[in-house]
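In: Next input, structure requested:
(chains A and B)
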Amino acid sequence: MHVHFLDPYRPRTSPVHALDGRVKFVLTVAFILTTSLTPVDAWPVYVLLFALLLSVEILSGLGIGYVLSRALLALPFVLAAFPVIFTYGETVLFTFPIGAWKLTAYTEGLGRFISVALKSWLSVQAAILMAASTPFPALLQAMRAVGIPRLLVSMFGMMWRYTFVLVDEALRLMRARAARSGSRGDQLGVLKSGRKSHPAREGGPVLWRARVTGGMAGNLFLRAFERSDRIYAAMLSRGYDGEVRLLPLPRMTGATWAGLLVGLILLVLLLSFGILFWG
Amino acid sequence: MSYSPVQPMHIPDGFLSSLVSVILWAISAGAVAYALRQVGKDLGERQVPLMGVLAAAIFAGQMLTFSVTGGTSGHLLGAALATILLGPWAAVIVMTSVASLQALIFQDGGLLALGANIFNMAIVGVTVSYFVYTSIQKLARGKSWGLFVSGALAAWFSIVIASLACALELAFSGTSPANIAVPAMGGIHMLIGSGEALITVGALAFLYSARRDLFHIGEAAPKGNKAIWIGGLAIAGLLAVLSPLASVHPDGLEWVAGQKGFLEAARAPLYKIIPDYSFPGISNTTLATILAGILGTLLVFGVALGVAYLRRKKESK
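Out: Residues are numbered from 1 along each chain as shown, chains lettered A, B, ... in the order given. This is a model prediction of the structure:
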């Protein structure tokens, strides 16, 4: 089994996919920064940012549904911002009693909460768009272009390459555990019909299960360690001398620069619009 | 089929104020650059394959879970395990790689928030692990139980202290009040930390019996480790003292920040540099609405044009 499903890249023939990875990387970060700097109650700006995002999503041919459903990933974290509704602000929105206690919601707090949720939702979509429309090597190139140390970039590259191998390894370990009864009961014990068939094969008490999982983690680490030895030997045999040699970055054409510039200007316009009227 | 992480564990974008994000980015970038140099000195040309593959291993290891009860499960984050096996500098690099790829590829954690996530996972997690691990190792004087006790405590503290850092970051950003975020985050992570501690001990026990020689890699770099020990002590101490104070005191974070001015600075977004500005004679909201309308129309027009262009291109093929 191969975990190619790990790769979020979705190949399409769209202008978004064709755009230079460096431009996409810079524009994505700029978009997220713009979203972050947008004042709390600049609601029209959020709408415009969303419209911008939506246009790119349509252009990319990825399907809006794909992007939107993946964007739900950050949703649970919104809980962390929930209490702010009741603690921040002065204008009382409503109060309701809980026993002897009174819970007061504030308008400012609610605004802050909604803006946090919107900002995170928009930012996640931008990040998904980038990851789904740019192959990872192009992202590595972009990271090099913006000045991230090449040593770190080549480690990211190495990590990415072996992530698939080691996730495969981890899945094999888990399959072996499932076959040998240290499995999670909820996976084996219940048939599709919902009827309990065999009693769940729990394997052992929690401590035992934790120890087994720990052993597996240690085993995975050991295998990775030994693999890295082999990889190093292989690299050495091919003349590796510690110097990371990478292909030169492709030239930025005039059209690429124009794309970058237009995108940045648009974002700056949106941001200044928000700051001028709501800052 | 597309992969998504078992559960999102890092701060997404939007939750931290721009100022907090930028400050933590700067701290993390400096620390990672320094760690990169240190690891380069120790490992030389082996650095890239070893760090890359082990980062992939930690990433894959985070998929290993065990059921606890009623649908909840324990899983590994790996900061303590990496610190114990590889030494602090290499662990910083490995955890940074893991957090970066999670943000870049799987949107687990934001890009602007990545500085903060690296800070929590790679810097707080590793230094605290290192501090707890080496301190207890010293107390145990090389007895084998010392490895497991210190491993367990290092794992537990690394998770709990990192979660306190996360809670304080959210509080400073004005996203979550300290008196709720700190106990909630800390409480949950005391449980998550127990899972981490159990798995870490399991892994250490396995490696201790299978490959005892591996435990010496981390000791290869004694130089400069005193600084990490002190750093770990400082971070752990500061966060362990600061965050309960922040949450117990009725005014929460304001009290800890000491001066209201500092807190205001932290909460005020960067854009306050531009003073309040308005066009004379024109009501702000009206103009804003009109401008929004024009811009919106242009955007929608652009989308329509783009889609039409794409269609035509496809048909002509």
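In: Helix or strand: which one has B:Ser194?
Out: If you go by DSSP states H and E, B:Ser194 is part of helix B:178-210.
In: just B:Gly109 next, same as before
Out: For B:Gly109, there is no enclosing helix or strand under DSSP H and E.
In: The residue lying closest to it once chain neighbours are set aside: neighbour count?
Out: Excluding the flanking residues, the one nearest B:Gly109 by Cβ to Cβ, 6 or more residues apart in numbering or on different chains is B:His10, at 2.8 Å. From N, CA and C alone the C-beta is placed, and that goes for glycine too. The number of residues packed around B:His10, counting by other Cβ atoms under 10 Å in any protein chain shown, is 23.
In: And the residue of the stretch 1-150 of chain B found nearest chain A, how close does it get to B:Ala99?
Out: Using Cβ to the nearest Cβ, the single residue of the stretch 1-150 of chain B nearest to chain A is B:Gly52, 2.6 Å away. Applying Cβ to Cβ, to the nearest Å, the value for B:Gly52 to B:Ala99 is 15 Å.
In: And A:Leu276, by the same measure?
Out: Noted for A:Leu276: a distance of 36 Å to B:Ala99, by Cβ to Cβ.
In: Between these two, which has more neighbouring residues?
Out: Taking other Cβ under 10 Å, A:Leu276 and B:Ala99 do not tie; B:Ala99 has more neighbours (27 against 20).
In: show me the contacts for the more buried one.
Out: When contacts are counted by Cβ atoms under 8 Å, 6 or more residues apart in numbering or on different chains, B:Ala99 is found next to B:10, B:109, B:114, B:117-118, B:121-122.
In: Need these in a markdown table (columns: secondary structure).
Out: Shown next, in a markdown table, are the contacts of B:Ala99 (DSSP: H, G, I helix; E, B strand; the rest coil):
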| residue | secondary structure |
| --- | --- |
| B:His10 | coil |
| B:Gly109 | coil |
| B:Leu114 | helix |
| B:Asn117 | helix |
| B:Ile118 | helix |
| B:Met121 | helix |
| B:Ala122 | helix |
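In: Tabulate these (TSV), appending pLDDT.
Out: Output for the contacts of B:Ala99, formatted as TSV (pLDDT from 0 to 100):
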residue	pLDDT
B:His10	87
B:Gly109	87
B:Leu114	95
B:Asn117	94
B:Ile118	95
B:Met121	92
B:Ala122	94
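In: Pick the one among those closest to A:Arg251.
Out: Nearest to A:Arg251 among the contacts of B:Ala99 is B:Leu114, at 28.7 Å by Cβ to Cβ.
In: quick one: that closest one and B:Ala103 touch, right?
Out: Yes: with contact defined as Cβ atoms under 8 Å, B:Leu114 reaches B:Ala103; the gap is 4.8 Å.
In: Can you report how many residues neighbour the residue of chain A found nearest chain B?
Out: Taking Cβ to the nearest Cβ as the measure, chain A has A:Gly214 as its residue closest to chain B, at 1.5 Å. Other residues within reach of A:Gly214 by the criterion other Cβ under 10 Å amount to 29.
In: quick revisit: what is the helix holding B:Ser194 packed up against?
Out: If you count contacts as 3 or more Cβ pairs under 8 Å, 6 or more residues apart in numbering or on different chains; DSSP states H and E, helix B:178-210 packs onto helix A:206-237, strand B:65-69, strand B:72-75, helix B:79-86, helix B:144-172, helix B:225-248.
In: does chain A sit close to the fourth one?
Out: Meaning helix B:79-86. Yes: using Cβ under 8 Å from any Cβ of the partner chain, helix B:79-86 reaches chain A at B:81, B:85.
In: how far is that helix from where the chain is centred?
Out: How far helix B:79-86 lies from its chain's middle: 16 Å, per Cα atoms, centre = their mean, to the nearest Å.
In: Report the central residue of chain B.
Out: For chain B, B:Asn117 is the residue whose C-alpha lies nearest the centre (Cα atoms, centre = their mean; 2.4 Å).
In: Just list the residues touching that one, thanks.
Out: Contact partners of B:Asn117, counting by Cβ under 8 Å, 6+ apart, are B:10-11, B:99, B:103, B:109-110.
In: Please repeat the previous calculation with a cut-off of 7 Å.
Out: B:10-11, B:99, B:103, B:109 (Cβ atoms under 7 Å, 6 or more residues apart in numbering or on different chains).
In: ok, now A:Leu220?
Out: By Cβ under 7 Å, 6+ apart, A:Leu220 lies in contact with A:166, A:169-170, A:173, B:57, B:60-61.
In: How much space separates it from B:Met63?
Out: For A:Leu220 relative to B:Met63 (Cβ to Cβ), the value is 9 Å.
In: Same check on A:Arg70?
Out: In terms of Cβ to Cβ, A:Arg70 sits 19 Å off from B:Met63.
In: what ranges do the helices span in the stretch 1-150 of chain A?
Out: Secondary structure of the stretch 1-150 of chain A (DSSP state H, counting those that start in this stretch): helices at A:15-18, A:21-37, A:43-60, A:64-71, A:84-87, A:107-133, A:136-145, A:150-179.
In: could I get the first one in CSV with only the CA atoms?
Out: By that I understand helix A:15-18. Extracted as CSV, the C-alpha positions of helix A:15-18 are listed here (Å, rounded to 0.1, in the frame of the first residue of the first chain):
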residue,chain,number,x,y,z
PRO,A,15,-4.0,29.4,-14.9
VAL,A,16,-3.6,29.0,-11.1
HIS,A,17,-1.6,25.8,-11.5
ALA,A,18,0.5,27.3,-14.3
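In: For it, give me every contacting residue.
Out: Residues outside helix A:15-18 that contact it (Cβ under 7 Å, 6+ apart) are A:56, A:59-60, A:133.
In: residue ranges with poor pLDDT in the chain?
Out: Just so you know, I chose chain A. By pLDDT under 70, the weakly predicted segments of chain A are A:1-5, A:181-203.
In: that answer is for a different chain, and I need it for chain B
Out: Low-confidence segments of chain B (pLDDT under 70): B:1-8, B:69-72, B:216-224, B:246-301, B:303-305, B:307-317.
In: of all of it, which residue lies closest to chain A?
Out: The minimum distance from chain B to chain A, using Cβ to the nearest Cβ, falls at B:Gly202 (1.5 Å).
In: From the chain's centroid, how far away is stretch A:224-236?
Out: Here the centre of mass of C-alpha atoms in stretch A:224-236, compared against the chain's by Cα atoms, centre = their mean, lies 29 Å away.
In: so what are the domain limits for the chain?
Out: If you meant another chain, say so; for now it's chain A. Annotated domains of chain A cover A:8-147+A:250-278, A:150-237 [automatic domain parsing].
In: that answer is for a different chain, and I need it for chain B
Out: Following the assignment in automatic domain parsing, chain B carries domains at B:18-271, B:278-317.
In: For A:Thr256, what is the enclosing helix or strand?
Out: Following DSSP H and E, one finds A:Thr256 within helix A:254-278.
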